[in-house]
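**Q** no FASTA, just this:
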C-alpha cells in the first residue's frame, strides 16, 4: 500500500518564522517550508529578537524543516529556485510597511491591491495540481479597501473558505472533503510555546488559534518599530482560502504584456510609460521598509523618492474600489491664527506626528507638553502639515514638511464645530444657576461635564460633586456648602448634569422634575415612522444581568430580552422617546454596499442613572447600535477611514439638553451637540474628502 505523502505547505513573508513554527507544532505530520524576503539569517536575527530561537527549533533542533531567504511573494518561482510544488501557499497579513510614508492613502490601497494580485498570479506557478490552494489573512477593512476578491477573480481563483483567525485552523487548512483532516491530528500545546500575553489575549485586535503554539503578529519593521499596540492592531482578522476556478481560468488569466499599453495585465494598474510598467513587473510590490537597511533607523529620503518615481499614475482601470479616503482635508488656513510653525529637520525625518509635536527641541512643544495634549490637538484639527489639517496621529513626517499649530477658534471657523468641553476636556463648565424662590440659598446648578469625570462621590476631589461644591464655596465666599448630584450621568459620557447647592442639608426635591435629552449617532437607516417619534420601555431590572442575584421567584417575567416599540405615549419615567433627526448614506471605497448612519434624539425622565448605558443597549436590541459601541465592531469596521480617524473609538452619545421643571417653572437648558453625533458634520467632511481625492487623481 502506497503511503500518502504529507501535506506540503509554503509560508510567504513570515517575519520571525513564528507562523511557520506554530503550524509545525500544531500539526507535526505536515511539511512546512518557510520563506522570507530577508536576505540572510543574520539580517533576520537583527530584525526580530526571537528569530534566532525560532529558526533553530524549526530547522535544526526538532523539526528539520527549511527556511528560504530572499523570496519575493510576487515572483515565487524565480526567487525560490526550486521545482517543488506545494499543496497550499500561505501569506499571513501581507503589508508593504507603513503606508503613511505615502501622502495618498488611496495610492497605498492600490499598491496593496497590486501586491495581492501579483501574489495570487505568482503562487499558481508553484501550486500542486488538483486541490492546491492559496491562503491570505487580512484584517479590518483590508478585504474591502484592497479588494481581495477582485484580485483573486482576475487571476482565475475562487474563494472556497473564509474563517476567523480564532477558529481552529483545521476548518480552512485542509481540503473541504475532510480526508486530510482525518489523517492529521492536532498536537498538544506545550507550556513553553506560549508567547507574551498580548499576542494571545486579543490586545492586538483579534485572537489567533495558533497563538497558543507560539505565533506572534509582528510588524514589517520588526524590532525597529517604535509604536504601541494600537498601531499593530489586526482587528477582525479573516483567513481567506482560494482555489483555481477551472471555469474562469481561460478567460481571466493575464496575457503577455502588450507593447502598446501602459496597463499591468495582472493588477490593472496604469503607468505613464512602458519603462515604468516594466519596472513594476520586475518588482511589483516591495515593502516600504527595506530589510537591508535594518541597521539604520529609517530608510533614506533618496530611497523613498526612487520608490515613488515608479508608482502608478492612476487607479486601476477595471475598478475604483481598491482605494481608501485620505486622512486630510483640503482646508485653507489663511484665516487661521497660527500660534507656531516649524519645519521638520533631518533628525526628525520619518518620525510620527504625535511624537514629534511634543519633543523639547521642536517648536510646537511650547504649547504641547504631553502626549494626551498632542493627540487632542490633532484630533480637534488644530495641527496642520503642509497647510492641510492632519487627523492621523500616526502619520510619518518627512524632512522639510511644515507643521503648524493654530488657535482653537480656527477649528470652529472651519466647520469643525468644536465644543467648549472639547476645547478643554479637563474643565467643568457651569452653564446656568436656577435659584429657589421658596428655600433661601438653594440653587439648581447645570454643569457641562466632560468625559472621564464621575458625577457622584465625595471620596475624591476630581468628582463633579466635589468640584461643584468647591467652586460655589469659593464663588459665594462661604466655608461650607452642601452639594447633591441630581443627574447620575455615566463617567464615559459627556453632557449636562443638574446639581443642587445649598448651605443646609438638601432633602428630596419633590418640586423638581428633569427630562434628559440625549443626542445619539447610530448605524443604519431608521424607519420613517421614527421622525414622528417612537416609545420604548426601559428595562426594569437594568442591563447588567450578570450582577443580579438569582432569587427563588425570579422567572421569565422579571426581564424581557426583547424590546417593543409603541406609538402610544408612555410615561417617560420608565421609557424613552426616540426621534429621528437626520440620516446619511455613505458609499465609497471601503463599502461593498451602502452604509447609513442616523442622528437621533432620545428623551427620558428615568433618573436611576446609567442612561448612557441603557440607551445603547435598547438601540442595539432594536438593530441600530450606537456608533463606536464596543458591541458593534462589525458595523464600525464598515465606516470610512476618515470617520475612524476622527472618532477614535469614542462612543457617539451625549446629553446636550435638559428640560427642568422646578417649583412649577419649566425651562430648557441646552448646549451645542458634539460634532461627531451630527450627520450634517459627516456629510460635509466626507464631501471634502471626496473633493480632495478627486484633485489628487487629477
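**A** Everything's here; your move. All values reported here derive from a predicted model rather than from experimental measurement.
**Q** for residue 210, what are its contacts?
**A** 19, 22, 23, 26, 169 (Cβ atoms under 8 Å, 6 or more residues apart in numbering). Bear in mind the C-beta positions are built from the backbone N, C-alpha and C, glycine included.
**Q** tell me the buried residues within the residues you listed.
**A** 19, 22, 23, 26, 169 (16 or more other Cβ atoms under 10 Å).
**Q** check which helix or strand the first one maps to.
**A** Spelled out, that is residue 19. helix 18-26 (DSSP states H and E).
**Q** which residues does residue 355 contact?
**A** Residue 355 touches nothing, counting by Cβ under 8 Å, 6+ apart.
**Q** that one: helix or strand, and which one exactly?
**A** Going by DSSP H and E, residue 355 is in helix 353-356.
**Q** from the buried ones among the contacts of residue 210, which is closest to residue 57?
**A** Set against residue 57, the nearest of those by Cβ to Cβ is residue 22 (10.9 Å).
**Q** what confidence value was assigned to the closest one?
**A** On the pLDDT scale, residue 22 is placed at 94.
**Q** any idea how far it lies from residue 199?
**A** 11 Å (Cβ to Cβ, to the nearest Å).
**Q** and stretch 84-97, what's buried?
**A** 86, 87, 88, 89, 90, 91, 92, 93, 94, 95, 96, 97.
**Q** can you check stretch 575-587 too?
**A** Applying 16+ other Cβ under 10 Å to stretch 575-587 flags 575, 576, 577, 578, 579, 580, 581, 583, 584, 586 as buried.
**Q** before we move on, what about stretch 202-212?
**A** Neighbour-count burial for stretch 202-212 [16+ other Cβ under 10 Å]: 204, 205, 206, 207, 208, 209, 210, 211, 212.
**Q** strands - which of those land there?
**A** Residues of those located in strands (DSSP state E): none.
**Q** ok, how many other residues are close to residue 235?
**A** 14 (other Cβ atoms under 10 Å).
**Q** did I read that right, it in a strand?
**A** No: Residue 235 is assigned coil when assessed by DSSP: H, G, I helix; E, B strand; the rest coil, not a strand.
**Q** still on that earlier bit, least confident pick among the buried residues of stretch 202-212?
**A** For the buried residues of stretch 202-212, the least confident entry is residue 205, with 69.
**Q** which pLDDT value belongs to residue 324?
**A** At residue 324, pLDDT is 31.
**Q** tell me the SS of residue 649?
**A** coil.
**Q** would you list the contacts of residue 210 in JSON lines and tack on distance to residue 433?
**A** Putting those into JSON lines (distance: Cβ to Cβ, whole Å) gives the following:
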{"residue": "19", "distance to residue 433": "63"}
{"residue": "22", "distance to residue 433": "63"}
{"residue": "23", "distance to residue 433": "67"}
{"residue": "26", "distance to residue 433": "66"}
{"residue": "169", "distance to residue 433": "63"}
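**Q** and of the residues you listed, the nearest to residue 275?
**A** Nearest member of those to residue 275, counting by Cβ to Cβ, is residue 19, at 36.9 Å.
**Q** just checking, the closest one touches residue 215?
**A** Yes: using Cβ atoms under 8 Å, residue 19 is in contact with residue 215, at 5.4 Å.
**Q** quick one: contacts of stretch 49-68?
**A** 15-18, 20-21, 24, 28, 31-36, 41, 44-45, 80, 82, 214, 216, 223.
**Q** now do it, average pLDDT.
**A** pLDDT averaged over stretch 49-68 gives 89.
**Q** okay, buried residues for that stretch please.
**A** 50-55, 57-59, 63, 65-68.
**Q** need the distance between the two termini of that stretch.
**A** 19 Å (Cα to Cα, to the nearest Å).
**Q** report the set of residues contacting both of residue 22 and residue 199.
**A** 211, 215.
**Q** helices of the stretch 251-400 of the chain, start to end?
**A** For the stretch 251-400 of the chain, applying DSSP state H, counting those that start in this stretch gives helices covering 274-282, 301-309, 353-356, 371-379.
**Q** looking at the ones you listed, which is buried most?
**A** helix 353-356 (a mean of 21; mean count of other Cβ atoms under 10 Å).
**Q** check the offset of the helix or strand containing residue 636 from the chain's centre.
**A** Under the criterion of DSSP H and E, residue 636 resides in helix 633-637. Centre-to-centre, helix 633-637 and its host chain are 9 Å apart (Cα atoms, centre = their mean, to the nearest Å).
**Q** give me the contacts around that helix.
**A** By Cβ under 8 Å, 6+ apart, helix 633-637 touches 140, 141, 235, 236, 523, 524, 625, 627, 628, 629, 644, 649.
**Q** hang on, the fourth one packs against residue 206?
**A** It refers to residue 236. Yes: judged on Cβ under 8 Å, residue 236 makes contact with residue 206 at a distance of 6.3 Å.
**Q** need the residues touching each of those two.
**A** With Cβ under 8 Å, 6+ apart as the test, residue 236 and residue 206 both reach residue 139.
**Q** give me the pLDDT for residue 109.
**A** pLDDT, residue 109: 82.
**Q** that one in helix, strand or coil?
**A** helix.
**Q** check contacts around residue 136.
**A** Contacts of residue 136 by Cβ under 8 Å, 6+ apart are 90, 91, 92, 94, 116, 119, 148, 239, 240, 242.
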